[in-house]
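Q: structure of the sequence below:
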Amino acid sequence: MKLAFLYAGQGAQHVGMGRDFYEQFPLFRDVFDAAPVDFDLKKLCFEGPEEQLSDTRYTQPCMVAFAAGVTGLLYQAGIHPAMAAGLSLGEYSALTAAGVFDPKTAIELVAFRGKAMAEAVTGRTCGMAAVLHLEREKLQAACDAASALGVAEIANYNCPGQLVIAGDAAAVEKAGELAKEAGARRVVPLKVSGPFHTSLMAPAGDALREKFQTVSFHAMSFPVLFNCKGDVLGEGDTIPGLLERQVQSSVYLEDTIRRMAEHGVDTFVEIGPGKTLSGFVRKTVKDVTTYSIDTVEDLNGVLAALKGA
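A: Numbering: from 1, shown residues only. Modelled structure (predicted):
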């Protein structure tokens, strides 16, 4: 068995996330209680309101705290991955798992990132939409044709049959119409608070570049695959450079999953909340095993299965 951890991104959050872990595990409790944020992270995760939890400024530190706590429990049980990756903000959780950051630093960084991403498009009407069952090239052509109305770009290459576009609302709507004319089965508007992973996030990239100058980046204890490459660190790449690029560039998750399989990964553990990434894995590569951890019951099942294997 060759194991990889996959970390969920924004959109997977839900009210109640982490409550059962917090009640049962001191290690998880320590991560939540020590989170360096200017709001009650525990109360927001456990009680909501959902609208606030779904605001990127709050979602990001909540998700990374959850991921760091669950990862700590897996490590405590002797379960370690050969490599890791994450969707968007999940990349920070993957880097934390690999020892690049400690949990407090990662939570502080994504809290800063969330605020920078929100501020990057203040006052601008933006949108995102999932495009189902259309080739990359045809969707790119639709975005190009819609660009007269503003920015419309492919933000996520999630898995075969699912791409995400983002940008200015009018341009995204037009690109969606053109995508349907080109053969897309469906175009589904997404409830998110910004045009993530597009050129409109350039101000957030600039802010992160400045912030990273004050942060210590430690060596990775295992390879992490990066969103903006769909691959591991290459010659000339730096982690801060790739994280700066990531916030304003497409997420190549399908490519990431394929590369992990090429490296021999046959077992994926999605560290949630949610089960979205496990679905992407199953749609992208065959003959692999997927698990997801959203609850204590999930964790116990995964530990039993992996230790049995």
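Q: next secondary structure element downstream of the lengthiest helix in the chain?
A: In the chain, with assignment by DSSP state H, the single longest helix is helix 56-76. Next in sequence after helix 56-76, counting helices and strands by DSSP states H and E, comes strand 83-86.
Q: may I have the helix or strand that that following strand is followed by exported as CSV, CA atoms only?
A: Next helix or strand after strand 83-86 toward the C-terminus (DSSP H and E): helix 90-97. Extracted in CSV, the C-alpha atoms of helix 90-97 (Å, rounded to 0.1, in the frame of the first residue of the first chain):
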residue,chain,number,x,y,z
GLY,A,90,-6.1,22.5,1.5
GLU,A,91,-2.5,22.9,0.2
TYR,A,92,-1.6,24.7,3.4
SER,A,93,-2.9,21.7,5.3
ALA,A,94,-0.8,19.4,3.2
LEU,A,95,2.3,21.5,3.8
THR,A,96,1.5,21.4,7.5
ALA,A,97,1.3,17.6,7.4
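Q: and helix 90-97, what does it pack against?
A: strand 3-7, helix 56-76, strand 83-86, helix 103-120, helix 239-246 (3 or more CB pairs under 8 Å, 6 or more residues apart in numbering; DSSP states H and E). (Each C-beta comes from the backbone N, C-alpha and C, glycine too.)
Q: next, the angle from that helix to helix 239-246.
A: Relative orientation of helix 90-97 and helix 239-246, computed by axes from the mean of the first three to the mean of the last three CA atoms, to 10 degrees: 160 degrees.
Q: and V269, that one's in a strand?
A: Yes: counting by DSSP: H, G, I helix; E, B strand; the rest coil, V269 is located in a strand.
Q: show me what it is bridged to.
A: Beta-bridge pairing for V269 (DSSP bridges): F5, Y291.
Q: what about Q10, how many neighbours?
A: If you count neighbours by other CB atoms under 10 Å, Q10 ends up with 21.
Q: pretty sure it contacts M63?
A: Yes: using CB atoms under 8 Å, Q10 is in contact with M63, at 6.9 Å.
Q: you'd agree A166 is in a strand?
A: Yes: counting by three-state DSSP, A166 is found in a strand.
Q: bridging residues for it?
A: Note on A166: beta-bridge partners by DSSP bridges are M128, E153.
Q: ok, now which ones touch it?
A: 126-129, 152-153, 155, 172, 195-198, 200 (CB atoms under 8 Å, 6 or more residues apart in numbering).
Q: picking up where we left off before, how about the helices and strands packed on helix 90-97 in TSV, adding mean neighbour count, mean pLDDT and distance to V265?
A: Putting the helices and strands packed on helix 90-97 into TSV (neighbours: other CB atoms under 10 Å; pLDDT from 0 to 100; distance: least, CB to CB, whole Å) gives the following:
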stretch	mean neighbour count	mean pLDDT	distance to V265
strand 3-7	28	98	4
helix 56-76	24	96	16
strand 83-86	28	98	7
helix 103-120	22	96	23
helix 239-246	20	98	20
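Q: A155 in helix, strand or coil?
A: Following three-state DSSP, we place A155 in the strand state.
Q: before we move on, back to that, nearest to A179 among the contacts of A166?
A: A129 (8.6 Å; CB to CB).
Q: all the strands of the stretch 201-309 of the chain, residue numbers only.
A: 267-271, 289-293 (DSSP state E, counting those that start in this stretch).
Q: point out the most buried one among the ones you listed.
A: Across those, the average number of neighbours (mean count of other CB atoms under 10 Å) peaks for strand 267-271, which reaches a mean of 26.
Q: which strands and helices sit next to it?
A: So strand 267-271, by 3+ CB pairs under 8 Å, 6+ apart, packs with strand 3-7, helix 56-76, helix 276-284, strand 289-293, helix 296-308.
Q: mind putting the ones you listed in TSV, distance to E210 included?
A: Shown next, in TSV, are the helices and strands packed on strand 267-271 (distance: least, CB to CB, whole Å):
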stretch	distance to E210
strand 3-7	25
helix 56-76	18
helix 276-284	31
strand 289-293	34
helix 296-308	38
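Q: for A204, which of the ones you listed is the nearest?
A: Minimum separation from A204 across those (CB to CB) falls at helix 56-76, 10.2 Å.
Q: contacts only, for A129.
A: With contacts defined as CB under 8 Å, 6+ apart, A129 is in contact with V164, I165, A166, V172, E173, G176, V187, V188, P189, L190.
Q: show only the entries of those found in strands.
A: Of the positions in those, V164, I165, A166, V187, V188, P189 sit in strands, assigned by DSSP state E.
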